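Participant: Need the 3D shape of this:
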Amino acid sequence: MSEKGKGKVEVFDSEEDLSVSLAKYTADLADKFSKEKGSFTVVLSGGSLIKSLRKVVEPPYVDAVDWSTWHVFWVDERVVPKDHDDSNYKLAFDGFLSKVPILPGKVYAINDALPAEGAADDYETCLKHLVKSNVISVSAATGFPKFDLMLLGMGPDGHVASLFPGHENEKWVTFIKDSPKPPPERITFTFPVINSSADVALVVCGAGKASPVHPALGNDQNSDPLPVGLVFGQGYSFQAVSCML
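Facilitator: Down below sits the predicted model:
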């Protein structure tokens, strides 16, 4: 971990312990950024991340957090209707957004009426508008948007967001039409955007994901490169939270 300056690693005995820690981590950062600049930009992913985030919508955080400052984005999204079971928006709405008073106008879902390429371009245009209006900061180090907190999960194959092996790209938002796991069409932030974030939390839960974690920590020199190994902060903090059950 220290080779790439990726900050600290926390390993928990249970998913419950992970969720308690993640809630405090997220709430503390929300409070910090809200006090510093009056807003908090957080990027969500799908999978088990929303379940792991559940404690932040329970006491004491649900009443203590200033939800009016939150702006919510997705690091990746499946190109399906928002009420589809595969939708990351639906997952987040059911498990998180419906339980807190974040203003709907500060929740930035993709335009699900567009095909993958159009949805990616539309989302990037949205981000650029929010950069111009100073809702999203810009990284002085990279020139890419600098979100306050990027909450990432990881697949068993080592993919993060919808950046599967061989699908890397350096736009702000890109798209794929041949995801190795369904549904095939997705849009996703790229690594320069992910790595320009002020704080990154990689939340990994389950013994089945233990092996791909090692490239993320920089301590596996023998395996083929995995997308998770390309996640690192550009001079900012990085936190990997692992729960190996």
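
Participant: Quick check: residue 42 vs residue 105, distance?
Facilitator: Residue 42 is 15 Å from residue 105, where distance means CB to CB, to the nearest Å. Bear in mind the C-beta positions are built from the backbone N, C-alpha and C, glycine included.

Participant: Kindly report the same for residue 124.
Facilitator: Residue 124 is 19 Å from residue 105, by CB to CB.

Participant: out of these two, which sits in the more crowded spot?
Facilitator: Per other CB atoms under 10 Å, whichever of residue 124 and residue 105 has more neighbours is residue 124, with 19 against 7.

Participant: residues in contact with the more buried one?
Facilitator: 171-173 (CB atoms under 8 Å, 6 or more residues apart in numbering).

Participant: same thing with residue 100?
Facilitator: Contacts of residue 100 (CB under 8 Å, 6+ apart): 57, 62, 65, 67.

Participant: how deep is the closest residue to the first one other than its chain neighbours tucked in, by neighbour count?
Facilitator: Nearest in space to residue 57, with sequence neighbours left out and distances taken as CB to CB, 6 or more residues apart in numbering, is residue 99 at 4.2 Å. The local packing count at residue 99 equals 14, with neighbours defined by other CB under 10 Å.

Participant: Would you confirm that residue 99 contacts residue 56?
Facilitator: No: using CB atoms under 8 Å, residue 99 makes no contact with residue 56, being 9.4 Å away.

Participant: Tell me where the chain has strands.
Facilitator: Per DSSP state E, the chain carries strands over the ranges 8-12, 40-44, 70-74, 76-78, 137-138, 145-146, 149-152, 173-176, 186-189, 199-205, 237-243.

Participant: so which of these comes closest to residue 116?
Facilitator: Comparison of the strands of the chain against residue 116 by CB to CB identifies strand 173-176 as nearest, at 4.1 Å.

Participant: which residues are contacting the closest one?
Facilitator: Here strand 173-176 makes contact (CB under 8 Å, 6+ apart) with 79, 116-117, 119-121, 123-124, 127, 162, 164, 167, 184-190, 193.

Participant: Report the distance from that strand to the chain centre.
Facilitator: In terms of CA atoms, centre = their mean, to the nearest Å, the centre of strand 173-176 is set 15 Å apart from its chain centre.

Participant: Repeat that for stretch 182-194.
Facilitator: Counting by CA atoms, centre = their mean, stretch 182-194 is centred 11 Å from the centre of its parent chain.

Participant: Contacts only, for the closest residue in space to residue 56 that isn't next to it in sequence.
Facilitator: Distance criterion CB to CB, 6+ apart; nearest residue to residue 56, sequence neighbours excluded, is residue 23 at 4.1 Å. By CB under 8 Å, 6+ apart, the residues touching residue 23 are 53-56, 58, 61.

Participant: any idea which of these is closest to residue 139?
Facilitator: residue 53 (24.4 Å).

Participant: Return the backbone torsion pair for the closest one.
Facilitator: phi -90, psi 0 (degrees, to the nearest 10).

Participant: so what's in contact with residue 99 and residue 56 at the same time?
Facilitator: Shared between the contact lists of residue 99 and residue 56 (criterion: CB under 8 Å, 6+ apart) are residues residue 62.

Participant: show me the biggest helix of the chain in terms of residues.
Facilitator: Looking across the chain with DSSP state H, the single longest helix is helix 15-37.

Participant: Please report the distance of the closest residue to residue 47 other than its chain neighbours from residue 95.
Facilitator: Once flanking residues are discounted, residue 47 sits nearest to residue 153: 4.1 Å by CB to CB, 6+ apart. From residue 153 across to residue 95, the span is 13 Å (CB to CB).

Participant: With neighbour numbers in mind, choose between the two.
Facilitator: More crowded of residue 153 and residue 95, by other CB under 10 Å: residue 153, with 24 against 16.
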